[in-house]
Structures are given as structure tokens and as C-alpha cells.
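Student: my questions concern the predicted model and sequence given below.
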Amino acid sequence: MRLSSIDIHLTCNMPDTIDPLALLRHLYEVAVQRALPLHNTAAHLPAPPDPAKGRTLVLGAGKAGGAMAQAVEALWPQDAPLSGLVVTRYGHTPPRPAGLTERIEVVEAAHPVPDAAGLNAAERILELTQGLTADDLVLCLISGGGSALLTLPADGISLNLKQDINRQLLASGANIAEMNCLRKHLSRIKGGRLAAACSPARVVTLTISDVPGDDPSIIASGPTVPDASTCADALAILQRYAIAVPPEVSQALRSGTWETPKPGSPVFAGHSVNMIATPQQSLQAAAEAARAQGLNAYILSDEIEGESREVAKVHAALARAAAKGLGPFQKPCVILSGGETTVTIKPQPAGTPRGRGGRAGEFCMGLAEALQGQPGVWALAADTDGIDGIEDNAGAQVTPDTLERAAALGHKVADHLQRNDAYGFFEPLGDLVITGPTHTNVNDFRVLLVL
């Protein structure tokens, strides 16, 4: 279902007049709108430095990078100097508003596997830090996706090797904190190293959280904040998930050669971090929108992690209980959650077509299988950046007749789960949620409607 427009059919706020899928799509859009940079940046901008002494340099990376740069440009005093470079994902630069002068350059690169464009952008960003003084201000715009987009491998690691490690991590089932711990220690710019390069300038980081717990050292692998993790932690992750690397990489981690700047380091003196949008804020906005329509609204958590299909089973159990008038949730209601689940890619027999899809679609397949056509339950799961994995959909939706309609087409959800093929399951049903890039990113959004 393409979200070119959101249409809610409600009369006098009575739940029995709800168009379930339209309501779910509306709540998703409310959550996304709450996280857009232009709505959240003004209160967190510092005063410009004295132009006679210093300048303002804007650096950044992430899926929301283009929108964050435009927000800063629109809100920054026109008579105050401003320049810089931000890298975002291909296709994620929003249209430039009429009359907005481009003072911050926005370039695009690959995600989730880095490419040469991201490498070039990272090299240019480091070059821009040369010659900064204590009178200068650096605004760093950081959002989810920056780990892949801001790629600058440690000495001795080629781009090809970094790409291979990324692919292995993405298929391993490692959570985002584990992946980014390893990424930080294999980089010359992440894990606080960008902040070190900016010294002695003052650094103000504006960030949009896409990670459970909103830890700025995990968001985009924390290029401007201290890193409490160690090379030993990164080595343990390599071993835990059997990530294949050349011996020299393991040895560098074992020896601590690639250690990151730690809390208390003087390179972070005077720096500040401002969280301008979080998953919890978006879930709260969606809950308020649901309550405005006469529904009960419950937020499970914005920090849910784990295998997508297993997380789906828990959500299904709660929805089934609510549908039967049991459990803690009273229908009519919506059950909301966020966080970042994972998908462990299963090995397939030779000749089996490659599965397509991301963690939101995998969640929806697991949910449909667990619900088994439970009457009165609808659901939507989508990534708030508009892209679920590497496909063109944000996620998918589930209805009480999902399995019945799939069976009529000869599709079994268990088969598609086995090959991690959410796209192939939901596309023939017309149940993909397609939005295009949203220009923000506060991670997974899941909503179940029980009537």
C-alpha cells in the first residue's frame, strides 16, 4: 500500500467506524512527522560564534542528514557564516525549499553496505577539520545510518574488507550495539575520532536517535562522543558471531592498536550532545493520536530488541489476549512498540532464490503466523526512515485474512519465513507499506489495532 495520502474514516470518534488500515497508516505518519528535523532543531541550536574570531562548520552523517542540514540552514541567522558537508543515503536528500540558500553541501552514499562515495565523503569531512581553532564552532548532525555512510577504515583495512565485514554483521543476528562496537574500532572517524579531529574547536552534536536506549555513543557509531567499549569487546564480537577477518585485524584488536578515545579524554572538553528526536517521542505522538480517536493506547517499549519473528510472537500473544477480553490491555486499543529487532539470515539450499525484505517485514510474517487469522486484529510494522532493509518498502501490514489471502495465491508464510522473504510474501497481497524516504529515522515502528 503506497502512502501517497492518508485517509482516516471516522465518525464521532466511535471505534466501530474505524477503517483499520487507514488508521494504522495515519499513526505511522504521525510518528514520522514527530521526528522530522525542522520540527525539533530550533531549541537546540547554539549561538553563532563571533564572526570576527571564529566560524561555524557543519559536519554530519545519517539517513536524516539532508533534512537536518536543511533545518539548520533555514534556522541559522542569515548574516552568520555557515558552511560544511553532510552525507546521507542515496535518494534521501529532501527537495530544497524555495528560497533556501545552500550553505551546507549534502552528498549521498550507500547504506547499509558502505561504498566509495561514503569513503570519499568521510575523507573530505576529516579534511574540513584541519585548521580549526578554539574560537570555531562545529555543529555535528548525526542520525541513524551514519555508521555505513561515514566510512573510513582503520589503517590496514581496505574498503572491500570493510564491506565484507559489514555484510557478515548484517546477516549474523548481532544487535546494533554489537555491530557498532566493532565498526567503531575498525574506523578512523567513528567512536569519538571525529571529535578528536575537531579539537580545539567547540563541538555541539545534534542527534536523532535510532537505537534502543538513545545512547549517543551507539547512534551512527558515535563519531563525536566518548567510547567506553574496547578493542577487547570488538574482538569478542568477532568471535561470538564468527565474523571472518584476516589475522592482522584480530591481532590489531588484540593489541589495542585501534583503541578509541575514552570518557574523560580532554578532546571532549566543552562538547555537548542534544537529542532532538527519539523513538519514545514518536510512539507517544502516535498514542495521543489514537486516544484522540477514542481508542485506548499502550506503549510496550521503545527499546525492544531480539529476533523479529520471536518479538512478533510476543506481540501476537498480547493482541490475542486483548481480542478475547483478557490480559492488561482493554479493547478497542492500539499496542505500540519501537526499538531495533534483528534478522538472522538462514542458509539456503543451492539454487533457492534469495529472500527479500527487512526486519519490519519479517516481524509481520511472524505476527501473521502467530495470530493465525485472529479476528479483530490488524497490524503495521515499518521503519521510520521509509526503507525496510534494502528494498523500496518501509514495511508491511497484517489483517485478519492475511493467511487466507496468501493461501489463495499458493503462498505459505512458513516457507517465506524460512528464506527471510517478507517482500515476496506481502507484495502479491498488496500489503507492502511504501512511503519513499521520510528524511528522518527513529527506527522501528510497530502498531497493533485490536477491535
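Tutor: Yes, it's here. Residues are numbered from 1 along each chain as shown.

Student: so Val204 sits in a strand?
Tutor: Yes. Counting by DSSP: H, G, I helix; E, B strand; the rest coil, one finds Val204 located in a strand.

Student: doesn't Ser272 make contact with it?
Tutor: Yes. Val204 is within contact range of Ser272, at 5.3 Å (criterion: Cβ atoms under 8 Å). C-betas here are computed from N, CA, C, even on glycine.

Student: the two: which is more packed in?
Tutor: Val204 (18 against 13; other Cβ atoms under 10 Å).

Student: and the strands in the stretch 201-350 of the chain, which stretches?
Tutor: 202-208, 272-277, 296-299, 333-339 (DSSP state E, counting those that start in this stretch).

Student: helices or strands up against the shortest one?
Tutor: Going back to what we said before, that points to strand 296-299. helix 279-291, strand 333-339 (3 or more Cβ pairs under 8 Å, 6 or more residues apart in numbering; DSSP states H and E).

Student: quick one: which of these is nearest Pro48?
Tutor: helix 279-291 (27.3 Å; Cβ to Cβ).

Student: can you list the buried residues in the closest one?
Tutor: Within helix 279-291, the residues that qualify as buried are 279-287, 289-290, counting by 16 or more other Cβ atoms under 10 Å.

Student: that one to strand 202-208, inter-axis angle?
Tutor: Here helix 279-291 points in a direction 40 degrees away from that of strand 202-208 (axes from the mean of the first three to the mean of the last three Cα atoms, to 10 degrees).

Student: mind listing what Glu248 touches?
Tutor: Gly156 (Cβ atoms under 8 Å, 6 or more residues apart in numbering).

Student: quick one: it from Ala236, how far?
Tutor: 18 Å (Cβ to Cβ, to the nearest Å).

Student: what does Gly222 give?
Tutor: Here the distance between Gly222 and Ala236 works out to 19 Å (Cβ to Cβ).

Student: and the two? Which one has more around it.
Tutor: Neighbour totals were compared for Gly222 and Ala236, and Gly222 leads with 32 against 15 (other Cβ under 10 Å).

Student: quick one, phi/psi of that one?
Tutor: phi 50, psi 60 (degrees, to the nearest 10).

Student: residues in contact with it?
Tutor: 180, 184, 190-192, 216.

Student: how's the protein carved up into domains?
Tutor: 15-35+279-450, 37-277 (automatic domain parsing).

Student: take the ones you listed and write them to CSV, including mean pLDDT.
Tutor: Converted to CSV, the domains of the chain look like this (pLDDT from 0 to 100):
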stretch, mean pLDDT
domain 15-35+279-450, 95
domain 37-277, 95
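
Student: now the closest residue to Gly62 other than its chain neighbours: phi and psi?
Tutor: Residue nearest to Gly62 in three dimensions, not counting chain neighbours: Ser143, with 2.9 Å by Cβ to Cβ, 6 or more residues apart in numbering. Here is the backbone geometry of Ser143 (degrees, to the nearest 10): phi -150, psi 170.

Student: burial measure for Ser143, as a count.
Tutor: Ser143, neighbours per other Cβ under 10 Å, totals 33.

Student: is it true that it touches Ala220?
Tutor: Yes. The pair Ser143 / Ala220 is scored as a contact, 6.6 Å apart, by Cβ under 8 Å.

Student: any common contacting residues for the two?
Tutor: 61-62, 207.

Student: between the residues you listed, which is nearest Glu303?
Tutor: Thr207 (16.7 Å).

Student: for that closest one, name its beta-bridge partners.
Tutor: When bridges are taken as DSSP bridges, the partners of Thr207 come out as Ile142, Met275.

Student: my read: it touches Ile276, true?
Tutor: Yes. Using Cβ under 8 Å, Thr207 is in contact with Ile276, at 6.8 Å.

Student: between the two, tell me which one has more neighbours.
Tutor: Neighbours were counted for Thr207 and for Ile276 using other Cβ under 10 Å; Thr207 has more, 29 against 24.

Student: for the more buried one, which residues are in contact?
Tutor: 141-143, 216, 219-220, 273-276.

Student: can we see that at 10 Å?
Tutor: 44, 60, 62, 64, 68, 140-144, 146, 214, 216, 219-220, 222, 224-225, 273-278 (Cβ atoms under 10 Å, 6 or more residues apart in numbering).

Student: need the residues touching each of Thr207 and Ile276.
Tutor: The contact lists of Thr207 and Ile276 share 44, 64, 68, 141, 143, where a contact means Cβ under 10 Å, 6+ apart.

Student: now do the shared contacts for Val204 and Ser272.
Tutor: With Cβ under 10 Å, 6+ apart, Val204 and Ser272 have common neighbours 44, 46, 224.

Student: let's have those residues in JSON lines, adding distance to Pro266.
Tutor: Compiled in JSON lines, the shared contacts of Val204 and Ser272 are given as follows (distance: Cβ to Cβ, whole Å):
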{"residue": "His44", "distance to Pro266": "24"}
{"residue": "Pro46", "distance to Pro266": "21"}
{"residue": "Thr224", "distance to Pro266": "15"}
